[in-house]
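# Dropping a prediction and its sequence here:
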Amino acid sequence: MSLLDIGDKMSEKFILAKSKANEITDSGACGGAVSSIFQYLLANEIVDGVLTLNKGVDVYDGVPRLLTSAEEVIETCGSLHCAPTMVSDLISDFLADEKIAVAVKPCDAKAINELVKRHRIDGDKIITVGLNCGGTVRPEVAQEMIEKFYNVDSSKVVKEEIDKGKFIIELDDGEEIGIKIDDLEEEGYGRRDNCQRCELKVPRNADIACGNWGSEPGWTFVEINSEKGQEIIDGAIAEGFIETKAPSQKAMEMRDKVENIMIKMGNKNVGKQLDDGLSFEEWEAQWNKCIKCFACRDVCPICWCHECELEKPYFKDDPQSPPDPLGFHGVRLSHMSPSCINCGQCDDVCPMEIPVSKIFHKLQKKYEVHTGYVAGIGDEKPPLYSPMKEDF
Amino acid sequence: MLDIKHTICPSCSVGCGLNIVSKDGAVVGTYPYKRHPINEGKNCLNGRNSILQFDNQIENPSIVKNGELEESDYETVFKLIKDQLASIDASELAIICSGNSTNEELDRIKEFADGFGCEKIGFYGYNFPNFAVDVASYDDIAGAKTILAIGDIYRENPLLARRIVLSKENGACLINLDDVEKSITSLNADEFIQFDGHLGDKIDAVKGKLDENSIIIANKVCCKDDFALLESLAGENGAKLLPVFNAPNMKGAMNKLDSWDVEEVKNIIGDSKVLIVVKDNPFEYLSKDDIKGKAFIVNISNEDNAFAKISDVILPGKSWGEKAGTFTNCEGLEQSFDISAEIENDNLGEVEILDELA
């Protein structure tokens, strides 16, 4: 059965959940259901490890961490909106042989989905616990933005949240300040460009999708997206790790409303950034900056070939001459753009500030229009790489 | 067990952050360190490849015979070195350091030299002399109206070039001076001036274009005189100067030790009977004839290279990821880092080696 295709009745697919352990309810976000689900998976040896995010020096510093015992779960954090990490390549490169549960944003889940299709991750060995995501902010941008628009010392921020169209910070004295994301982004701050263009806010491509949209205080709203997700929830209830109840109709409507607002914002920004984006001449200037450092290729969660054509002798540049970026990006575009998941990691790591994702995402959107293929969702491969390609 | 830890990139003096991924006692990859204020998760190829230094390392204390390394032990190698040191005067010892060592290690090496009475301690500065002028900060690049880049900053120091890119977006003018026909920096420059051999011939061409809103960034100079020209150019025009080096702590080394040019290094080696080289590869600037057979060579480095083959004894020390310490980057910022590489290695670090030799 494919993702997004289970649960005939609403009550089977949507639940409110909370931890049954007081220490987790107190410290975890929205009742700590995610933490308790991870504890259940580790304590019952359903997985060898849980890959999640650790808060480093502050809320702007997210470091992926592999947990191997249930006791460690309490030491980690949920989502950090100012730490735009990507975990799929850590799994495919270093944890492919292990049974792993992983906390994922929608783009993480998309990347994992694409890597499962490419047999780089074994779908039977991975459990994806999705976290609703309104987007992420680059750490340096976040700090500057908080100093400039919130008029507070950014080091005093202990929590942050994106909710109801606002970026909300909580200070160490308990004060909360929220500013409309639209206003911040009009000033050139706010979420990363690719997050502004994102149209998947609830990770229905993960086994379960969790978040506070539509939840009640002290509860996590959970959407169950796969049979595996259902088994996890059933097991965690049976083993006494979480308790659940049905969400109210009002809560469901609230959740839909928040999600739809965020999706509309994403749609609008796709048009603004991609359709009305850089001109041909402006792109030419961007490519001139390219030093062919391979950072975009290396960080791309989908790009994985054991032997990259771009490292073959016929693509090697004279080390004394400037590189030929068009050949490099052209090959990458033809190879990867149908599966671009718009995670924005290529933009994040480019030393020359080339907005690489904008051209990859633009081509993926065109490919989506012509083939119906949405990268990172469902079981099908991009038509270009499937037996169906003759149809195109 | 998978482990991701912060460190400072060892590939040049810009001072970027880098995350090291270790698994089951080995370094397996890098991961963007987006919280780091200098590079925000962006690393060049050299930086990401810096973990290759964990491959093909010299793993044990060794004695070199007929160009081949023979595995030995600390006791034997330390005795050989101590016997050599006991047989010479203080003036017959020379110590070549580098910007690859941490500030703490350089302090310990200096302390060792002082204790021995050795005055010939320094490093090869790639023609950058010790200098007193205050260097520009990276923030100064953002606010500059004119940037004069000497060398191919875009290729060799991409995360500094990023600052130039951002400054250009704010309207800054980039002038590039280099002795090559073209480069990535020259392609992106508003004006490119090629010089032949020495900067002196072309300095006049840029003099009128600099003022107090200008910054001169140089990652190569042909000689110490050329650097003096840049200092004068900056001073006369009120411009700021930012020399960029090819080792992570060369600025730290500049602050503590003598910066030698090739002739000075050759003279120092020629006058010595024992040469201790710490984390440096003199073959990057000397020929084999300049150094082979001139002194008993103690090579403290785990890099398996041609210089190791002409050394007399080798103590591997540790790679940067296996130790904690501080590097001072080219803008003068001292950054501390902890052990980032969770690998199995019982070798002594450089400080411990010098403690033993003292």
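Looks like it came in fine.
# Now do the contacts for the residue in the stretch 151-300 of chain A that chain B sits nearest to.
Residue nearest to chain B within the stretch 151-300 of chain A: residue A:293 (4.4 Å; C-beta to the nearest C-beta). C-betas here are computed from N, CA, C, even on glycine. Applying C-beta atoms under 8 Å, 6 or more residues apart in numbering or on different chains to residue A:293 gives the contacts A:351, B:44, B:45, B:158.
# need those in JSON lines with secondary structure, can you?
Shown next, in JSON lines, are the contacts of residue A:293 (DSSP: H, G, I helix; E, B strand; the rest coil):
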{"residue": "A:351", "secondary structure": "coil"}
{"residue": "B:44", "secondary structure": "coil"}
{"residue": "B:45", "secondary structure": "helix"}
{"residue": "B:158", "secondary structure": "helix"}
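# between those, which is closest to residue B:313?
residue B:45 (33.8 Å; C-beta to C-beta).
# Now do the same contact list for residue B:17.
Residue B:17 is in contact with B:6, B:7, B:8, B:9, B:33, B:35, B:36, B:38, B:39, B:41, counting by C-beta under 8 Å, 6+ apart.
# One more pass at 7 Å, please.
If you count contacts by C-beta atoms under 7 Å, 6 or more residues apart in numbering or on different chains, residue B:17 has them with B:6, B:8, B:33, B:36, B:38, B:39.
# was I right about residue A:149 contacting residue A:178?
No: between residue A:149 and residue A:178 there is no contact under C-beta atoms under 7 Å: 11.0 Å.
# hmm, which helix or strand of the chain has the shakiest average pLDDT?
Reading this off chain A. Between all helices and strands in chain A, the lowest mean by mean pLDDT, DSSP states H and E belongs to helix A:10-13, at a mean of 59.
# think we crossed wires, I meant chain B
Lowest on mean pLDDT, DSSP H and E among the helices and strands of chain B sits helix B:200-207, with a mean of 87.
# Packing partners of the helix or strand following that helix?
Using DSSP states H and E, the helix or strand that directly follows helix B:200-207 along the chain is strand B:214-218. In terms of contacts (3 or more C-beta pairs under 7 Å, 6 or more residues apart in numbering or on different chains; DSSP states H and E), strand B:214-218 is packed against strand B:146-150, helix B:224-237, strand B:240-243.
# Please repeat the previous calculation with a cut-off of 10 Å.
Applying 3 or more C-beta pairs under 10 Å, 6 or more residues apart in numbering or on different chains; DSSP states H and E, one finds that strand B:214-218 contacts helix B:138-142, strand B:146-150, helix B:158-169, strand B:173-178, helix B:224-237, strand B:240-243.
# neighbours of the residue in the stretch 101-250 of chain B positioned nearest to chain A, just the number please.
Relative to chain A, the nearest point of the stretch 101-250 of chain B is residue B:158 (4.0 Å; C-beta to the nearest C-beta). Each residue near residue B:158 was counted by other C-beta atoms under 10 Å in any protein chain shown, and the total is 28.
# Next one: residue B:70 from residue A:145, what distance?
Going from residue B:70 to residue A:145 by C-beta to C-beta, to the nearest Å gives 60 Å.
# and the two? which has more neighbours close in?
More crowded of residue B:70 and residue A:145, by other C-beta under 10 Å: residue A:145, with 22 against 11.
# quick check: domain ranges of chain B?
In terms of domains, chain B is parsed into B:2-54, B:62-126+B:250-330+B:346-357, B:138-243 (source: automatic domain parsing).
# so where do the strands sit in the stretch 201-350 of chain A?
For the stretch 201-350 of chain A, the strands defined by DSSP state E, counting those that start in this stretch cover A:208-211, A:220-224, A:242-245.
# what's the closest of the ones you listed to residue B:178?
strand A:208-211 (53.4 Å).
# Direction included, what does that closest one pair up with?
Sheet pairing of strand A:208-211 (DSSP bridges) gives strand A:126-131 (parallel), strand A:220-224 (antiparallel).
# The shortest one: how far from the chain's middle?
Relative to the chain's own centre, strand A:220-224 is displaced by 17 Å; criterion: C-alpha atoms, centre = their mean, to the nearest Å.
# next one: the first one
A distance of 11 Å separates the C-alpha centroid of strand A:126-131 from that of its chain, computed with C-alpha atoms, centre = their mean.
# And stretch A:374-384, by the same measure?
The chain centre lies 17 Å from the centre of stretch A:374-384; the measure is C-alpha atoms, centre = their mean.
# What of stretch B:245-264?
Offset of stretch B:245-264 from its chain centre (C-alpha atoms, centre = their mean): 7 Å.
# which residue sits farthest out from the middle of chain B?
The outermost residue of chain B relative to its centre, with distances by C-alpha atoms, centre = their mean, is residue B:208 at 33.0 Å.
# OK, contacts around the residue most central in space within chain B?
In chain B, the residue lying closest to the centroid (C-alpha atoms, centre = their mean) is residue B:247, at 2.0 Å. By C-beta atoms under 10 Å, 6 or more residues apart in numbering or on different chains, the contact set of residue B:247 is B:10-13, B:98-101, B:123-126, B:253, B:279-280, B:327.
# Go through the helices and strands packed on strand B:214-218 and name the closest to residue A:324.
helix B:158-169 (17.2 Å).
# ok, residue 136 - how many residues close by?
Picked chain A for this. Per other C-beta under 10 Å, the neighbour tally for residue A:136 reads 27.
# not what I meant, chain B
22.
# residues from the stretch 151-300 of chain A in reach of chain B?
Residues of the stretch 151-300 of chain A found near chain B (C-beta under 10 Å from any C-beta of the partner chain) are A:285, A:288, A:289, A:290, A:291, A:292, A:293, A:294, A:295, A:298, A:299.
# Tell me which of the helices and strands packed on strand B:214-218 sits most buried.
strand B:146-150 (a mean of 26; mean count of other C-beta atoms under 10 Å in any protein chain shown).
# now it, how far from the centre of its chain.
For strand B:146-150, the distance to the chain centre is 22 Å (C-alpha atoms, centre = their mean).
# Partner strands of that strand and their direction?
By DSSP bridges, strand B:146-150 pairs with strand B:173-178 (parallel), strand B:214-218 (parallel).
# Look up how far chain B lies from the residue with the largest distance to the centre of chain A.
What lies farthest from the middle of chain A is residue A:320; by C-alpha atoms, centre = their mean that is 39.4 Å. Residue A:320 sits 7 Å away from chain B, going by C-beta to the nearest C-beta, to the nearest Å.
# ditto for residue A:337
Distance, residue A:337 to chain B, using C-beta to the nearest C-beta: 22 Å.
# Nearest residue to that residue in space, please, no chain neighbours.
Among residues not flanking residue A:337 along the chain, residue A:363 sits closest, at 3.9 Å (C-beta to C-beta, 6 or more residues apart in numbering or on different chains).
# Tell me which residues of the host helix or strand of the one you found come out buried.
Assigned by DSSP H and E, residue A:363 belongs to helix A:356-371. Buried residues in helix A:356-371, counted by 16 or more other C-beta atoms under 10 Å in any protein chain shown: A:356, A:357, A:358, A:359, A:360, A:361, A:362, A:363, A:364, A:365, A:367, A:371.
# Would you reformat these as TSV and include pLDDT?
Formatted as TSV, the buried residues of helix A:356-371 follow (pLDDT from 0 to 100):
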residue	pLDDT
A:356	95
A:357	96
A:358	95
A:359	94
A:360	95
A:361	96
A:362	95
A:363	93
A:364	94
A:365	93
A:367	91
A:371	89
